[in-house]
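**Student:** Build the 3D model from these lines:
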Amino acid sequence: MELFKRENYLKKIRGFYHASDIIKVITGVRRCGKSSLMQIVAEELRSAGIEENRIIFLNLDKREYRKIKTADHLDELIAGFPQSRELMYLFIDEVQNVADFEEVLNSYREDGGYSIFITGSNSYLLSGELATKLTGRYIEIEMFPLTFDEYLQIKAFYQKPVDLNLSVELNRYILEGGFPRAILIDGLEDKRRYTESVITEIFEKDIRRRVKIKDREAFEAVRHFIVNNFGATMSISSLQAALTRIGMTITRATVSKYITALVEAKILYACDRFDMKSKRALKGEKKYYLSDLSFYFCDNTDNRINYGPVLENLVYFYARSRSLSVSVGRIGTLECDFILRNREMDYAYLQVAYSIAQSRETEEREYRPLEQIRDNYPKYLLTTDYLLQKRSGVRHVNLMEFMKNGTEF
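**Tutor:** Residues are numbered from 1 along each chain as shown. I've put the predicted structure just below:
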């Protein structure tokens, strides 16, 4: 089957295809498309004239490689392939399955005869030995499930029906989620079963093997609470207090440990709050967003959409997929939904709402934080409205059209 090219990520990695001194590390939640991205990179190399015998592709989740567990095993496996005097291209999928894999990668990188690409499904991949031994010698390409523009593109690519009404497609995207494989599954119930299987896989492979969870019920309570309150400001203390109120005895340390496990498995992403007056990050309270909204809807049988946190979640990952850092802004007693920063240290400020057409009060609430910001960086109000306001230099844009067109902030 022909693979859908996710150009947003390919353009980040193409300049490094032939770099033997830099390891290309592709990270992201399980099933977000990392393996497919590597396959497309390999296909582009073949199309550019690279011979098949110079490309080694190892998917360590496959049965044939189930015994490859140590650095020596991995080294022997790679060395067993025919070698070439020209540059070789080494792709290793789910490399974290191998203990001390970084020793092997570092030795092959030092030899200089390989351009190395690896994937991993959790944050352990870039912690510890890999980070310390390879500082400055790798680049990370972080992948996410499909953004709204990609969702529309991949449906068209696989000849799935796309409604001309973007509101209809937005609701479908919210309820179905953005896992690429789910696009090929017909029926919302079956899509939900697929997401449940992804959650089980993440727990077994990315959490249980690395984190000692003595009380599975307590872990599930923490996961369920955060998933059901994504986009809300919370702290470890407030979460512990909420769980205590429903009769669960759990320590702050355990709550913190379980949240860290969910973040490292890339189910959750923590968004820090930033005080714009003191120019400092606010400690303690954060917002947590779901790497895919299907994690919420497969946890709940109710298909009603709470557009406030849902649209924030979509915009958060749309910005993150474009390599922007994202934080929540505090301006005195007001809150700006997002502050975006690019690599050139340019900023943009965002408010996200379903609509401001319903009432004057809503309009005032959404504009007020942006109007309090005194610098000249761009300010956006993203809504689903098609009748757009012009006020105070704020760029009021239709969220669906903005994302559909892949617009940059």
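**Student:** got the contact list for S327?
**Tutor:** Contacts for S327 (CB atoms under 8 Å, 6 or more residues apart in numbering) come out as C271, D272, R273, F274, A281, F338, I339, R341. For the C-beta atoms, the positions are set from N, CA and C on the backbone; glycine is no exception.
**Student:** Out of the residues you listed, show me where the pLDDT dips lowest.
**Tutor:** Least confident of the contacts of S327 in the model: A281, at 81.
**Student:** Can you tell me the SS state at that one?
**Tutor:** For A281, the secondary-structure state derived from DSSP: H, G, I helix; E, B strand; the rest coil is strand.
**Student:** So the residue lying closest to it once chain neighbours are set aside: helix, strand or coil?
**Tutor:** Using CB to CB, 6 or more residues apart in numbering and skipping the chain neighbours, the partner closest in space to A281 is D272 (5.0 Å). What three-state DSSP gives for D272 is strand.
**Student:** Distance check, D272 against Y258.
**Tutor:** Relative to Y258, D272 is positioned 19 Å away (criterion: CB to CB, to the nearest Å).
**Student:** Quick check on these two: which one has the bigger neighbour count.
**Tutor:** Residue environment comparison for D272 versus Y258 gives the larger neighbour count to Y258, 23 against 15, counting by other CB atoms under 10 Å.
**Student:** Now do the contacts for that one.
**Tutor:** Residues in contact with Y258 (CB under 8 Å, 6+ apart) are I213, A218, F219, V222, R223.
**Student:** So the fourth one sits against L239, correct?
**Tutor:** Yes. With contact taken as CB atoms under 8 Å, V222 and L239 are classed as touching, separated by 7.2 Å.
**Student:** Give me the secondary structure label for the residue nearest the centre of the chain.
**Tutor:** Nearest to the centroid of the C-alpha atoms of the chain, with distances taken as CA atoms, centre = their mean, sits F144, at 3.4 Å. Three-state secondary structure (criterion: three-state DSSP) places F144 in coil.
**Student:** I figured it hits F317, correct?
**Tutor:** Yes. F144 is within contact range of F317, at 5.1 Å (criterion: CB under 8 Å).
**Student:** Need the residues touching each of those two.
**Tutor:** Looking at what touches both F144 and F317 (by CB under 8 Å, 6+ apart), the common residues are S291.
**Student:** thinking again about what came up before, who's in contact with the residue nearest to A281?
**Tutor:** A281, L282, K286, S327, V328.
**Student:** Swap in 7 Å and give it another go.
**Tutor:** For D272, the contacting residues are A281, K286, S327, taking CB atoms under 7 Å, 6 or more residues apart in numbering as the criterion.
**Student:** hey, where'd the strands end up in this protein?
**Tutor:** Secondary structure of the chain, counting by DSSP state E: strands at 23-27, 55-59, 88-93, 114-120, 138-142, 233-234, 268-275, 280-290, 325-331, 334-341, 347-352, 379-383, 390-391, 394-398.
**Student:** coming back round to it: of the contacts of Y258, which is the nearest to K404?
**Tutor:** Distance from K404 was checked for each of the contacts of Y258 by CB to CB. The minimum falls on R223, at 32.1 Å.
**Student:** Find the nearest non-adjacent residue to the closest one, please.
**Tutor:** Here the nearest residue to R223 in space, its sequence neighbours aside, is L262; by CB to CB, 6+ apart that works out to 6.1 Å.
**Student:** okay, now that neighbour: neighbour count?
**Tutor:** Here the number of neighbours of L262 (other CB under 10 Å) works out to 26.
**Student:** picking that back up, so which of the strands of the chain comes closest to Y173?
**Tutor:** Checking these against Y173 by CB to CB gives strand 280-290 as the closest, at 13.6 Å.
**Student:** Show me where the stretch 51-200 of the chain dips below the pLDDT cut-off.
**Tutor:** Along the stretch 51-200 of the chain, the parts satisfying pLDDT under 70 run over 123-124, 127-131, 133-135.
**Student:** can you rerun that using 80?
**Tutor:** Low-confidence regions of the stretch 51-200 of the chain, defined here as pLDDT under 80, cover residues 121-136.
**Student:** on that earlier part again, relative to L388, how far out is the residue nearest to the centre of the chain?
**Tutor:** 28 Å.
**Student:** ditto for E52
**Tutor:** Remark: distance between E52 and L388 (CB to CB) = 53 Å.
**Student:** Settle it for me: which of these two has more neighbours?
**Tutor:** Neighbours of E52 and L388, each counted by other CB under 10 Å, are more numerous for L388; the result is 14 against 8.
**Student:** bridging residues for the residue nearest to the more buried one when sequence neighbours are not counted?
**Tutor:** Take L388 and drop its neighbours on the chain: the residue closest to it by CB to CB, 6+ apart is H396, 4.6 Å away. Here H396 sits in beta bridges with L381, going by DSSP bridges.
**Student:** For R31, see how far away H396 is.
**Tutor:** When H396 is compared with R31 (using CB to CB), they lie 36 Å apart.
**Student:** Helices of the stretch 51-200 of the chain, residue ranges please.
**Tutor:** When secondary structure is read from DSSP state H, counting those that start in this stretch, the stretch 51-200 of the chain shows helices at 71-79, 101-111, 129-133, 148-157, 166-176, 188-202.
**Student:** how distant is stretch 216-227 from the center of its chain?
**Tutor:** Centroid displacement of stretch 216-227 relative to its chain, using CA atoms, centre = their mean, to the nearest Å, is 21 Å.
**Student:** Which among the helices of the stretch 51-200 of the chain is found nearest to S36?
**Tutor:** For the helices of the stretch 51-200 of the chain, the distance to S36 is smallest for helix 148-157, at 10.7 Å, taking CB to CB.
**Student:** Report all helices and strands that the closest one contacts.
**Tutor:** Counting by 3 or more CB pairs under 7 Å, 6 or more residues apart in numbering; DSSP states H and E, the packing neighbours recorded for helix 148-157 are helix 166-176, helix 399-404.
**Student:** Show me which of those has the highest average neighbour count.
**Tutor:** Looking across those with neighbours counted as mean count of other CB atoms under 10 Å, the highest average goes to helix 399-404: a mean of 20.
**Student:** who touches that helix?
**Tutor:** Identification of contacts with helix 399-404 by CB under 7 Å, 6+ apart yields T147, F148, D149, L152, L166, S167, L170, L311, Y318, L382, T383, T384.
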